[in-house]
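Q: fold the following, please.
(one chain, ligands or ions: 1)
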Amino acid sequence: MASDDVPSLSPSPASPMATSRVDVFWHEGMLRHDAVEGVFDTGHDPGFLDVLEKHPENADRVRNMLSILRRGPIAPHVNWFTGRPAIVSELLMFHTSEYIDDLVEADKSGERHEIAAGTFMSPGSWEAALLAAGTTLSAMQHILDCHGKIAYALVRPPGHHSQPTQADGYCFLNNAALAVKLALNSGSCSRVAVIDIDVHYGNGTAEGFYSSDKVLTVSLHMNHGSWGSSHPQKGSIDEIGEDVGSGYNLNVPLPNGTGDRGYEYAMNELVVPAVRRFEPDMVVLVVGQDSSAVSSFFAQMHVDYLTEHLRMGFFTIIVLVISYAALMALL
Ligand SMILES: [Zn+2]
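A: The predicted structure is shown next:
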């Protein structure tokens, strides 16, 4: 909890939410990650296609989020901040040195590497991954320093599948988990809640905090189960954490096609009570846009409920860092 010499981030329900301003953290270098073209996410060219498909995690997706934020209806409410690369010592807050060394060596080779199924490291990818991690850390530090109530880290490559020792699902470094660690190490946060509404299970974040009672990890996702060696976690309701972390991982698998009412029910009946009971000092939202009905990726869940629950006009893949007080004011 907050001590006398650090700013308090505890909930203050009476404080008005600064919905008129969102601080967005971004760096152009993240566009240089080339996830390769081919058949879906394989990078494979069968030799008979007129047009190779863009990888689902491609730079244009974020370019359009930028254009929305820069020229869309909420543009007047956005304050822009330039992100920065993370340094290796920061990565070790969540990842093992062996795993980071492997990524560094893969980058040094200057060649394309498939780090995990569908997860390609090309020249420029490591620089982008460091920028995604560092930019997210900057967003968290911004909140910890009480410069704002909501900080939006618009970053790619994404991170929530990345585990302490393992890349997975287009993710190299777990940006949100690193931000959680920064918050816990800051001295002003003793408990952090992560709410992940990406359509896939936030397995990397859950794995990293599976034995912790300092981090409540919550994930709403389609019921896709495990997918290969890089993603052994099932995302099922019986994965609740272990040891002192038992009860601090809440999985909410949802059937494909779950709509607003289903999401709203899950939020009202499961997520909000769990977060309130946990009484976090900070909330990190992992906001994957692929659960949206307008997503070209999965488009299985219509998530307009978010505009009612969070009163936000935009969402994108990455992480949204928000103080608990701000979240309570939004709900
Ligand atoms: Zn996803």
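Q: grab the longest strand from the chain for me.
A: Longest strand in the chain by number of residues (criterion: DSSP state E): strand 215-222.
Q: list of residues touching whatever helix or strand comes next after that strand?
A: Using DSSP states H and E, the helix or strand that follows strand 215-222 towards the C-terminus is strand 249-254. By CB atoms under 8 Å, 6 or more residues apart in numbering, the surrounding residues in contact with strand 249-254 are 201, 206, 209-210, 216-223, 235-237, 239-241, 262-263, 266, 270-271, 274, 301. Quick note: C-beta positions are derived from backbone N, CA and C, even for glycine.
Q: list buried residues within those residues.
A: The neighbour count (16 or more other CB atoms under 10 Å) marks 201, 206, 209-210, 216-223, 235, 239, 241, 262-263, 266, 270-271, 274, 301 as buried among the contacts of strand 249-254.
Q: in a strand, Leu285, correct?
A: Yes - if the criterion is DSSP: H, G, I helix; E, B strand; the rest coil, then Leu285 is within a strand.
Q: please renumber the chain so that the first residue is 740 from this point on.
A: In the new count, where the first residue is 740, that last one comes out as Leu1024.
Q: over to Met879. Which of the three states is it?
A: At Met879 the chain is in helix, as set by three-state DSSP.
Q: count the neighbours of it for me.
A: For Met879, the count of nearby residues is 27 (other CB atoms under 10 Å).
Q: now it, nearest residue through space, not along the chain?
A: Ala918 (4.0 Å; CB to CB, 6 or more residues apart in numbering).
Q: quick check: the one you found touching Ser877?
A: No - using CB atoms under 8 Å, Ala918 makes no contact with Ser877, being 9.4 Å away.
Q: the more surrounded of these two?
A: Ala918 (32 against 21).
Q: next, see if stretch 778-789 gets close to the ion.
A: No - using CB under 5 Å from the ion, stretch 778-789 stays clear of the ion, with a minimum separation of 11.5 Å.
Q: please, which helix or strand holds the closest residue to Val763 other than its chain neighbours?
A: Once flanking residues are discounted, Val763 sits nearest to Tyr891: 4.7 Å by CB to CB, 6+ apart. Element membership for Tyr891 (DSSP H and E) is strand 889-892.
Q: how big is the angle separating the following helix or strand past that strand from strand 954-961?
A: Next along the chain after strand 889-892, taking DSSP H and E as the criterion, comes helix 914-924. Going by axes from the mean of the first three to the mean of the last three CA atoms, to 10 degrees, helix 914-924 is angled at 160 degrees with respect to strand 954-961.
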